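Undergrad: A predicted structure for the sequence below; I have some questions about it.
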Amino acid sequence: MIEQLGPPTLFFTLSSANTKWPDLHKLFPKTQSNTVHHNRMQFIENLVNNPHITTLYLHLRFQIFRDEVIVKQLHATDHWYRYEWQHRGSAHIHGFLWLPQAPNIDNLDSSNHESIQSVKNLFDQYITTWNPRTEVDHLNKQYIPAISNPCLSNTGVISRSEPCTDYTELVNVVQCHMKCLEYTCLKKNSTLKCRYKAHWPEQHDSSLTLDHNNNPSYKPARNDSRLNVHNPMMLAIWRANVDCQAICSKKAILQYISKYVSKTEHKSESYIDILKRIVGLINSEDTILLAYHRFMMGIVADRDISTQETCHMLLKLPLISCTRQFVNLNVGKKIFQL
């Protein structure tokens, strides 16, 4: 696709909020009415006991999202996406989008100011790290949403809400990288470093510059050092964590592809190894309940293959999909003799 269409414009990742989405939990057998009251333990039990419903729901949700948002609203001319299971548990979706009138980054002239400005203006339309909070709220380290979590809102509440307020709630609840933790994003080389390179420096205007390898690098305007890059429309409609990145070079695409082609699956740890790892992460002031909770989450997360992924395959749902069809031809030797 890249050879024929040129490099895509955007890369996106959609996470799932399975423990939050009320439309999903209305489908489970134990739900007695259309009104779903959030009970975290009940929601988790629903997911554990009904992985086939969870799997099919995510697939159908994304199909509608693809047709109504990616195609009709973002006007993507082509797309490619794949499913992946985080820690072999809950699914998320990676994809590339080809957008109309997007310049070919292979022909980008870094010395041409008009060319740079044109590309920057295009990315500014689709990507943001600007927090819509007021200046007073921005000084607060911890944002307190008007409701417990905007992902818990059903479609009726969303349709009656004020769009800007709803978007602000979503941004500050699901898009902010609030704290780096050793069992989530911190990776140890010589020192502990966040694998997402948070927190990010603020800047009043977006920029398109050359990095240390002489490759174009786009950074949107930023007023919040903890805010993840995203597309506002995708976030407001998907209603879970969204990552959306500008693609500025073929090298960035190749790095992504090679990362997932060469990615190995980690074998499950034994229960005693999981417990030893969890004990090393807890602090002296942490409660026993917290340690037990992390241990149980480790057992669920570190399976070789999750029930949701198994159901995805049993339901014969596609792992990869795109707007183009491919035909394999064997041209290496003569198969048919005349």
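TA: Arrived safely, thanks for sending. Residues are numbered from 1 along each chain as shown.
Undergrad: hang on, residue 199 packs against residue 225?
TA: Yes - here residue 199 reaches residue 225: they are 3.9 Å apart, a contact under CB atoms under 8 Å. All C-beta atoms are positioned from the backbone trio N, CA, C, and that covers glycine.
Undergrad: could you point out which element follows the lowest-mean-pLDDT helix or strand in the chain?
TA: Here the helix or strand of the chain ranked lowest by mean pLDDT, DSSP states H and E is helix 135-138, holding a mean of 59. Next helix or strand after helix 135-138 toward the C-terminus (DSSP states H and E): helix 155-160.
Undergrad: pLDDT weak spots in the stretch 51-200 of the chain?
TA: Scanning the stretch 51-200 of the chain for pLDDT under 70 picks out the ranges 87-88, 134-147, 180-192, 195-196.
Undergrad: can you pull out the strands in it?
TA: With DSSP state E, counting those that start in this stretch as the criterion, the stretch 51-200 of the chain has strands at 78-85, 91-98, 186-188, 192-194.
Undergrad: next: the stretch 201-338 of the chain.
TA: Going by DSSP E, counting those that start in this stretch, the stretch 201-338 of the chain shows strands at 207-210, 216-219, 242-246, 320-322.
Undergrad: how far is the second one from where the chain is centred?
TA: Distance of strand 216-219 from its chain centroid, counting by CA atoms, centre = their mean, to the nearest Å, is 20 Å.
Undergrad: and that strand, what does it pack against?
TA: Contacts defined by 3 or more CB pairs under 8 Å, 6 or more residues apart in numbering; DSSP states H and E place strand 216-219 against helix 113-126, strand 207-210.
Undergrad: what's the answer for the shortest one, then?
TA: Contacts defined by 3+ CB pairs under 8 Å, 6+ apart place strand 320-322 against strand 78-85.
Undergrad: next, the angle strand 91-98 makes with the strand it packs on.
TA: Relative orientation of strand 78-85 versus strand 91-98 (axes from the mean of the first three to the mean of the last three CA atoms, to 10 degrees): 160 degrees.
Undergrad: neighbouring strands of strand 78-85 in the sheet, and parallel or not?
TA: Strand 78-85 pairs in its sheet with strand 91-98 (antiparallel), strand 320-322 (antiparallel), by DSSP bridges.
Undergrad: give me whichever of those is most buried.
TA: Counting by mean count of other CB atoms under 10 Å, strand 91-98 has the highest mean neighbour count of the strands paired with strand 78-85, with a mean of 21.
Undergrad: tilt between that strand and strand 242-246?
TA: Using the same axes, to 10 degrees: strand 91-98 against strand 242-246 is 30 degrees.
Undergrad: list of residues touching strand 91-98?
TA: 5-6, 8-16, 55, 58, 62, 70, 74, 76-86, 247, 253, 260, 308-309, 312 (CB atoms under 8 Å, 6 or more residues apart in numbering).
Undergrad: what do you get if the cut-off is 6 Å, keeping everything else the same?
TA: 5, 8-16, 58, 62, 76-83, 85-86, 308 (CB atoms under 6 Å, 6 or more residues apart in numbering).
Undergrad: drop anything exposed from these.
TA: Buried subset of these (neighbour count, 16 or more other CB atoms under 10 Å): 8-16, 58, 62, 76, 78-81, 83, 85, 308.
Undergrad: over to residue 241: give its phi and psi.
TA: The phi/psi pair for residue 241 (degrees, to the nearest 10) reads phi -60, psi 130.
Undergrad: and for it, the neighbour number?
TA: By other CB atoms under 10 Å, 20 other residues sit near residue 241.
Undergrad: next, give phi and psi for the nearest residue to residue 201 once chain neighbours are set aside.
TA: The shortest distance from residue 201 to any non-neighbouring residue, by CB to CB, 6 or more residues apart in numbering, is to residue 225 (6.8 Å). As for residue 225, its main-chain torsions (degrees, to the nearest 10) stand at phi -70, psi -10.
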